[in-house]
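Student: here is my input, please return the structure:
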Amino acid sequence: MFIRQDLVTQGVDSLSRLHPFFGITFLVCKQGRLPVGSTTKFPINTEEQNFLDRYYHPSLDSNYYFQPFRVSGNNRWLSHKYPMSGSQSTRTRGQLSKSFLHDTDTDIWGWSTDYVAVLRAKLERDKSGKVPAFWLATWLFRHRKFGRQTTSKQIIDLFLREFLITPEEQLVLFDLYPPQLEGPLLTEEPFSDETLLKSFDSAPDATPDDGGTLIELSLRDVGPAFALQFDPGERLSVITGDNGLGKTFLLECAWWSLTGDWAGRPALPKPDAKKPSIQFSISGKSGITRRQAVAYDLERLRWPESDIRPTMAGLVVYARIDGSFAVWDPSRADPGSVRGLDSGRMIFTRNDVLDGLPPRIEGLIRDWVRWQNSRDQNAFEMFVRVLRDLSPPDSPPLMPGEPTRLPGDVRDIPTLVHDYGVVPIVNESAGVRRIVTLAYLLVWAWTEHRISSAMLNKQAQKNIVVMIDEIESHLHPKWQRVILPAIIDVASHLDKGVKPQLIVATHSPLVLASVEAIFDEDTDKLFHLYLSPEKDVSLDELHYTKRGTVDEWLTSDVFKLAEPRSTEGENDLNFAKAALAESTGDKNRIRQLTESLSKSLPADDLFWPRWLHFARAKGAM
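Tutor: Numbers count the residues shown, from 1 in each chain. The predicted structure follows:
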């Protein structure tokens with residue numbers, strides 16, 4: 001049996017007011033049987049190093065030690081040089097140095113005769129209370145196996161015996177009372193340092209986890225909202241809301257959180273903001289979620305530039321509303337940067353995507369023709385499949401034709417075959433170009449990622465984040481009704497085992513209706529941005545309910561139309577319904593309303609029978 005995982009985490013909180021001396025140096029000296037009132041040769045630096053290796057080294061891929069005690073800032077990690085630097089300074093300077101007898105620059109050490117009083121004075125000065133014996137024991141013994149009937153008191157007694165704590169020390173320095181616990185003390189599941197470290201920043205020298213997806217985005221005094229919390233779904237997140245409330249802004253912040261750079265203009269704090277910040281959490285392929293908080297620099301009027309990411313995102317493709325694309329590819333990152341973020345970020349304008357931006361991208365025109373004419377047809381076949389999956393319904397699938405030449409252009413131009421003829425891609429409609437461009441970027445990004453990963457002798461990422469702003473842009477309603485499920489299928493079919501996370505913004509009720517058959521409450525979420533009565537932008541996660549018809553979506557909490565019809569028709573209906581509620585009716589007013597209704601409502605509208613019956617009853621017809 002082992003101490004419960006959550007009890008060790010609780011112990012870290014309980015020890016956070018305690019100076020590290022009491023959990024490291026004091027215990028090292030106790031186990032080393034340091035004499036009182038005299039000195040002996042004691043290699044304290046080496047002994048502390050061994051002690052830290054044994055009890056405070058949960059991340060074996062790091063040279064740093066994790067300590068649960070009082071920290072400066074948010075840094076809980078101690079350098080491997082700590083015994084020779086920070087601890088040495090504590091032992092030889094300041095209040096705690098008075099607890100030792102020590103010859104400078106030697107390994108000669110001993111306790112002073114009043115060391116207990118000195119240590120007690122330090123605890124009182126720090127207002128940390130006595131050393132909590134139980135919680136310190138839970139940390140030190142977190143990997144130890146205990147008998148099934150072991151009690152909290154027995155764990156405390158074991159700690160006192162193992163570290164040779166004297167009766168005077170117990171009385172003066174330690175809190176020996178076992179706390180009241182909720183639930184059992186022990187579990188059959190061994191303690192996991194990896195699970196513990198999910199709640200804390202990674203070590204400064206730790207290799208960042210990769211394959212990350214966005215778990216949390218929290219904004220404070222940034223953009224249109226005083227406070228905004230966005231916790232995207234594991235597979236699909238749909239963001240809705242009126243114009244100007246921040247759908248695009250939210251996607252831009254999500255991109256920045258994942259990649260460390262802005263695709264466009266940086267987000268700005270609200271006027272007079274005191275502590276504007278963005279906090280985000282990224283979960284890597286290891287399953288560990290890392291949280292980071294970045295505060296806006298109010299003096300330099302910018303977000304601090306940092307390549308440090310404890311978790312690096314997997315492949316990210318962001319289709320922006322202006323036709324540009326942003327791509328993050330971890331396999332193409334520059335090894336010379338701090339954490340390899342620099343060259344993995346690529347921002348392409350609409351023209352860059354079409355015509356290329358060497359050496360980063362050849363562009364749709366050249367790549368399409370190259371794929372089509374290559375002996376290796378893998379990329380082209382994938383592109384054809386993606387085009388087919390994203391094609392509009394009730395019409396032949398988008399199918400590449402033979403390349404052609406256009407006047408004044410020396411390139412071979414790709415074409416699409418339609419029922420009415422062959423059309424060069426540069427002459428296609430805006431809707432077709434947007435979908436073809438999206439298909440190309442998905443295939444290009446995945447293909448290049450696999451090539452770059454192979455060159456580095458690494459496995460390709462399995463997590464891909466796809467963000468699309470106004471997914472319905474330029475698309476016919478029939479196309480809007482199928483595009484989102486198609487993209488979900490495409491992203492998951494790029495390669496075996498690929499796991500997509502989609503974050504899309506939309507104004508379209510048809511897009512919302514399109515996922516009724518596939519929406520999964522365990523992996524998908526629906527969000528709505530709105531202006532609160534206090535004139536602050538808020539973001540709510542809405543319960544996704546199947547509406548059946550587009551009219552029902554228009555009158556739902558997402559779009560909040562009173563009537564799924566023209567503004568004139570809605571106004572006339574409201575006036576007419578008010579007249580129906582009156583006990584007496586003005587004939588002239590009823591006639592006027594009848595004339596207005598005849599202009600704004602179709603002849604077969606379901607409201608007509610009720611209204612005509614009312615008008616006849618009032619003698620207005």
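Student: in this structure, where's the longest helix?
Tutor: Scanning the chain for the helix with the most residues, using DSSP state H, yields helix 430-455.
Student: now that helix, how far from the centre of its chain.
Tutor: 23 Å (CA atoms, centre = their mean, to the nearest Å).
Student: where does the protein have its least confident helix or strand?
Tutor: Using mean pLDDT, DSSP states H and E, strand 311-313 stands out as the lowest-scoring helix or strand of the chain, at a mean of 75.
Student: may I have the helix or strand harbouring residue 352 as PDB, with CA atoms only?
Tutor: Taking DSSP states H and E as the criterion, residue 352 maps to helix 350-355. Output in PDB follows, covering the C-alpha atoms of helix 350-355 (Å, rounded to 0.1, in the frame of the first residue of the first chain):
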ATOM      1  CA  ARG A 350      -3.500  34.400 -49.500                       C
ATOM      2  CA  ASN A 351      -1.000  35.100 -52.300                       C
ATOM      3  CA  ASP A 352       1.700  33.100 -50.500                       C
ATOM      4  CA  VAL A 353      -0.500  30.100 -50.300                       C
ATOM      5  CA  LEU A 354      -1.400  30.300 -54.000                       C
ATOM      6  CA  ASP A 355       2.000  31.400 -55.500                       C
END
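Student: that helix - contacts with which helices or strands?
Tutor: Applying 3 or more CB pairs under 8 Å, 6 or more residues apart in numbering; DSSP states H and E, one finds that helix 350-355 makes contact with helix 364-373, helix 430-455. C-beta here means a position set from N, CA and C on the backbone, and glycine is covered the same way.
Student: helices or strands up against the first one?
Tutor: Translated: helix 364-373. Using 3+ CB pairs under 8 Å, 6+ apart, helix 364-373 is in contact with helix 350-355, helix 378-389, helix 430-455.
Student: now the ones you listed as JSON lines including mean pLDDT and distance to residue 601?
Tutor: Shown next, in JSON lines, are the helices and strands packed on helix 364-373 (pLDDT from 0 to 100; distance: least, CB to CB, whole Å):
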{"stretch": "helix 350-355", "mean pLDDT": "94", "distance to residue 601": "43"}
{"stretch": "helix 378-389", "mean pLDDT": "92", "distance to residue 601": "41"}
{"stretch": "helix 430-455", "mean pLDDT": "92", "distance to residue 601": "32"}
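Student: re earlier: so after the least confident helix or strand of the chain, what's the next helix or strand?
Tutor: strand 315-319.
Student: quick one, helices of the stretch 101-250 of the chain?
Tutor: Along the stretch 101-250 of the chain, the stretches classed as helices by DSSP state H, counting those that start in this stretch are 115-126, 133-140, 152-162, 167-173, 193-197, 247-259.
Student: to residue 353, which of those lies closest?
Tutor: With distances scored as CB to CB, the stretch of the helices of the stretch 101-250 of the chain nearest to residue 353 is helix 247-259 (16.5 Å).
Student: tilt between the closest one and strand 315-319?
Tutor: Interaxial angle, helix 247-259 versus strand 315-319 (axes from the mean of the first three to the mean of the last three CA atoms, to 10 degrees): 160 degrees.
Student: what's the following helix or strand after helix 247-259?
Tutor: strand 277-283.
Student: mind giving me the packing neighbours of that following strand?
Tutor: strand 209-222, helix 247-259, strand 289-295, strand 311-313.
Student: picking up where we left off before, give me the contact list for the helix holding residue 352.
Tutor: 322-325, 361, 363-365, 426, 437, 440-441 (CB atoms under 8 Å, 6 or more residues apart in numbering).
Student: also stretch 321-329?
Tutor: The contact list for stretch 321-329 (CB under 8 Å, 6+ apart) reads 248, 255, 258-259, 263, 313, 315-320, 344-350, 352-353, 434, 437, 441, 445, 448-449, 452, 469-470, 473.
Student: now it: mean pLDDT?
Tutor: For stretch 321-329, the mean pLDDT works out to 92.
Student: quick one: buried residues of that stretch?
Tutor: 323-329 (16 or more other CB atoms under 10 Å).
Student: quick check: end-to-end length of it?
Tutor: 21 Å (CA to CA, to the nearest Å).
Student: for stretch 269-278, same thing?
Tutor: So stretch 269-278: terminal residues 10 Å apart, CA to CA.
Student: which regions of this structure sit below the pLDDT cut-off?
Tutor: Applying pLDDT under 70 to the chain flags the ranges 60, 72-75, 206-209, 286-288, 306-310, 334-343, 492, 583-584.
Student: and the residue nearest the centre of it?
Tutor: A centroid search over the chain (CA atoms, centre = their mean) returns residue 214, at 2.5 Å, as the residue closest to the centre.
Student: what about stretch 601-616, distance to the chain center?
Tutor: With CA atoms, centre = their mean, you get 53 Å for stretch 601-616.
Student: and for that stretch, what are the contacting residues?
Tutor: Contacts for stretch 601-616 (CB under 8 Å, 6+ apart): 565, 569, 572-573, 576, 579-580, 585, 590-591, 594, 597, 621.
Student: repeat for stretch 214-229
Tutor: 230-232, 244-246, 249-250, 253-254, 257-258, 267-270, 273-283, 289, 291, 296, 313, 465, 501, 503, 536-539.
Student: ok now do the residue lying closest to residue 238 once chain neighbours are set aside, which residues does it touch?
Tutor: Closest residue in space to residue 238, ignoring its immediate chain neighbours: residue 526 at 5.2 Å, by CB to CB, 6 or more residues apart in numbering. Residue 526 makes contact with 237-238, 240, 512, 541-544, 558 under the criterion CB under 8 Å, 6+ apart.
Student: surely residue 526 is in a strand?
Tutor: Yes. Counting by DSSP: H, G, I helix; E, B strand; the rest coil, residue 526 is found in a strand.
Student: gap between it and residue 520?
Tutor: Distance, residue 526 to residue 520, by CB to CB, to the nearest Å: 12 Å.
Student: check residue 501 too.
Tutor: Relative to residue 520, and taking CB to CB, residue 501 is found at 13 Å.
Student: so those two - more neighbours on which side?
Tutor: Using other CB atoms under 10 Å, the more surrounded residue of residue 501 and residue 520 is residue 501, with 26 against 13.
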